[in-house]
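Participant: all I have is the shape, not the residue letters:
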């Protein structure tokens, strides 16, 4: 074992050990679509006293947090999104009516005189203070609208620590002065000497007026301080609450999603089954193709799964349903780097018989590095776009995909390399060619080499086929139309499960009788009903469910999605921006790495794939929503990934043989990369077929989009991108890099031509 192999083995063992410890000791953070609950996106609006900026939105969020706590929701999550949006996640909340009612109220902040303990004056209003003791309160003397500012300050000189300073508007300041002056008339230590600050019916602070304040004099409005052994966080929270009550922002629900716990549990079980079956099939396939080295790659694949999962858990990534599907998909795509290396090692070993097995494997890793790096960078670009331009669960898919790509590279280039190099040092593995898996060229490569088909003698032929496919897809878009999901159109989509079978006509009649005649009603099986309508509030949804219950018995809400029209327009616009940015960024990267002709041809194949996938969904009548967008951007990354591998080989062969026509070189490169394309595609297809069949309704469209996209992308990377590049090379008349003789030497040295964007020697 060489020193480099030893270092890789130690690094792999250390990372794997940490990953196993994290897996055993930490639990994943599940999104609401997996654990069940309600997710709401609130849009803050300008009010008469405040503008919806970051600061006022943060204050509003703190007020909302206090209100949600009163609902008794376990571990609610509130985060600000952008400048003026608040994301509220409520686990286990299946009826969002109460939550929406509490969240939507305008903040009510008031200042009250304390009349004594709650038991002294039962007829008066009594509320618990911060310690839980009841206080009898007088009428509100001052509303929160009178507060000009509230700030948390640290007073080191007086030794009082953290305090909250209050500043009032002019008239409110006079009321505050009278309120504190009246409290100061009571004896020290008397409950009546306190002032209660009440937010939404809850005492958030009840400071006692200091004895030094004279009776009737009161505290000045511009320099009032609340003390009380606050920590820094407590002082800031109190200041935010007081100021938030003074400057309330009305909020509008622009998105609301509710998922039943049974749907989330079923999705987890279905994804787990699909992952196990798909991963097992992938492992068996690469073991069959690459024998011992394939089995070692399967072990590295298992290590990849552990490392990727541990990274998700350690980073606190919220695992959503699309994210879970992305994790499963990445298992199939993780074999790509191993296949690239093994195929290059096969070439080195078969065509250079003097090489040892170890040196052939080392050469395989070295020559495959460029294609591995480029193909993974394109996928990382797609993942970054999903995170930056996606929304909700789509962001989770982008994070999961990105982590999966990085983990797969570590798995292939460190773990698999350490295992295979160690095995290659064994005499038994070297001597028996049928064991190691790379000492023989493989059936596909042998079959292609024997026939040597001239694929690109007439590149127009392949482009004609691609054009015909695009026309069929466009016809589907024009004739059938694209069924945009609620996420892009706005409206509400609710899915129910009934205890008694309900036919689609009976369901439509029942829903129409309830006042929703314009609703789009579909059924899946005997017990599942889907209702889509343009406008439906929470009370209307409750009435609709009650009407269905009369017809179908016990009716359980499985899923509920509400998208406001403004958000629908925004998401639709962002989807188009995401596609445009994806095409532009991929083009820019490919131009930097390859000749411009190769880059344009690759992007042309990418656009071809996008049109075909959208057209296929139009013909099939499947919805195009945010999850479809995630699949589409993933297909873009995969399509460019395939094109990069092909053009990387074209570049390499062309650099070594400038006299051979490019069409012949391209055909040779395609034949050499076909085994990799087939083997990598099979690894992903095993996973996607398992997701399509076993993933249930929640993942069926997502898996189907990827299944179609990968098949189309595999075709276009060879039979659309390469012919397109050949035609561009002919029409563009861009000269290849020339070979020049070095002065005073008999050897030939290759130099890069300024017009060439990628060919290397």
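Facilitator: It's in. Predicted model only: the values in this text are computed from it and were never measured.
Participant: hey, let's count contacts and neighbours off CA atoms from now on
Facilitator: Will do.
Participant: buried set for the host helix or strand of residue 707?
Facilitator: Using DSSP states H and E, residue 707 sits in helix 696-719. The neighbour-count check on helix 696-719 (16 or more other CA atoms under 10 Å) flags 696, 698-710, 712-719 as buried.
Participant: which outside residues touch the helix or strand that that helix is followed by?
Facilitator: Of the helices and strands lying after helix 696-719 in sequence (DSSP H and E), the nearest is helix 721-732. For helix 721-732, contacts defined as CA atoms under 8 Å, 6 or more residues apart in numbering pick out 456, 459-460, 462-463, 597-598, 600-605, 643, 647, 662-663, 666.
Participant: now, of those residues, which are buried?
Facilitator: Among the contacts of helix 721-732, the ones that count as buried by 16+ other CA under 10 Å are 456, 459, 462-463, 597-598, 600-605, 643, 647, 662-663, 666.
Participant: from the contact counts, what lies against the helix or strand encompassing residue 371?
Facilitator: Residue 371 belongs to helix 357-389 when assigned by DSSP H and E. If you count contacts as 3 or more CA pairs under 8 Å, 6 or more residues apart in numbering; DSSP states H and E, helix 357-389 packs onto helix 335-351, helix 393-410, helix 417-424, helix 565-593, helix 626-656.
Participant: any chance of those helices in JSON lines, plus mean pLDDT?
Facilitator: Output for the helices and strands packed on helix 357-389, formatted as JSON lines (pLDDT from 0 to 100):
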{"stretch": "helix 335-351", "mean pLDDT": "79"}
{"stretch": "helix 393-410", "mean pLDDT": "80"}
{"stretch": "helix 417-424", "mean pLDDT": "88"}
{"stretch": "helix 565-593", "mean pLDDT": "78"}
{"stretch": "helix 626-656", "mean pLDDT": "81"}
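Participant: nearest to residue 23, of these?
Facilitator: helix 393-410 (15.0 Å; CA to CA).
Participant: other SSEs contacting the closest one?
Facilitator: helix 261-314, helix 321-333, helix 335-351, helix 357-389, helix 626-656.
Participant: if we go to 6 Å?
Facilitator: helix 261-314, helix 321-333, helix 357-389 (3 or more CA pairs under 6 Å, 6 or more residues apart in numbering; DSSP states H and E).
Participant: quick one: mean pLDDT for the second one?
Facilitator: What it means is helix 321-333. For helix 321-333, the mean per-residue pLDDT is 70.
Participant: so which of the buried ones among the contacts of helix 721-732 belong to strands?
Facilitator: Residues of these located in strands (DSSP state E): none.
Participant: from those residues, which land in helices?
Facilitator: 459, 462-463, 597-598, 600-605, 643, 647, 662-663, 666 (DSSP state H).
Participant: so the helix holding residue 707 versus helix 626-656, what angle?
Facilitator: Inter-element angle recorded for helix 696-719 and helix 626-656: 20 degrees (by axes from the mean of the first three to the mean of the last three CA atoms, to 10 degrees).
Participant: got a list of contacts for helix 696-719?
Facilitator: Residues outside helix 696-719 that contact it (CA atoms under 6 Å, 6 or more residues apart in numbering) are 462, 605, 631, 635, 639, 642, 643, 688, 691, 692.
Participant: tell me which two of these sit farthest apart.
Facilitator: 462 and 691 (31.7 Å).
Participant: just to revisit the earlier point, may I see the contacts of helix 696-719 organised as JSON lines, with distance to residue 237 added?
Facilitator: JSON lines is the format used below for the contacts of helix 696-719 (distance: CA to CA, whole Å):
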{"residue": "462", "distance to residue 237": "66"}
{"residue": "605", "distance to residue 237": "54"}
{"residue": "631", "distance to residue 237": "42"}
{"residue": "635", "distance to residue 237": "46"}
{"residue": "639", "distance to residue 237": "50"}
{"residue": "642", "distance to residue 237": "53"}
{"residue": "643", "distance to residue 237": "54"}
{"residue": "688", "distance to residue 237": "48"}
{"residue": "691", "distance to residue 237": "46"}
{"residue": "692", "distance to residue 237": "48"}
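Participant: about what we covered before: pull out the buried positions in the helix holding residue 371.
Facilitator: Going by 16+ other CA under 10 Å, helix 357-389 has these buried residues: 357-365, 367-369, 371-372, 374-387, 389.
Participant: picking up where we left off before, dump the helices and strands packed on helix 357-389 to a markdown table, plus distance to residue 147.
Facilitator: Listed next are the helices and strands packed on helix 357-389 as a markdown table, based on distance: least, CA to CA, whole Å:
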| stretch | distance to residue 147 |
| --- | --- |
| helix 335-351 | 62 |
| helix 393-410 | 39 |
| helix 417-424 | 66 |
| helix 565-593 | 33 |
| helix 626-656 | 43 |
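Participant: let me see the contact set for residue 624.
Facilitator: 483, 484, 485.
Participant: that one - nearest residue in space that isn't next to it in sequence?
Facilitator: residue 484 (4.9 Å; CA to CA, 6 or more residues apart in numbering).
Participant: same question, residue 578
Facilitator: Looking at residue 578 with CA to CA, 6+ apart, the closest residue is residue 389, at 6.0 Å.
Participant: ok, now how distant is that neighbour from residue 638?
Facilitator: Look at residue 389 and residue 638: by CA to CA, to the nearest Å, they are 19 Å apart.
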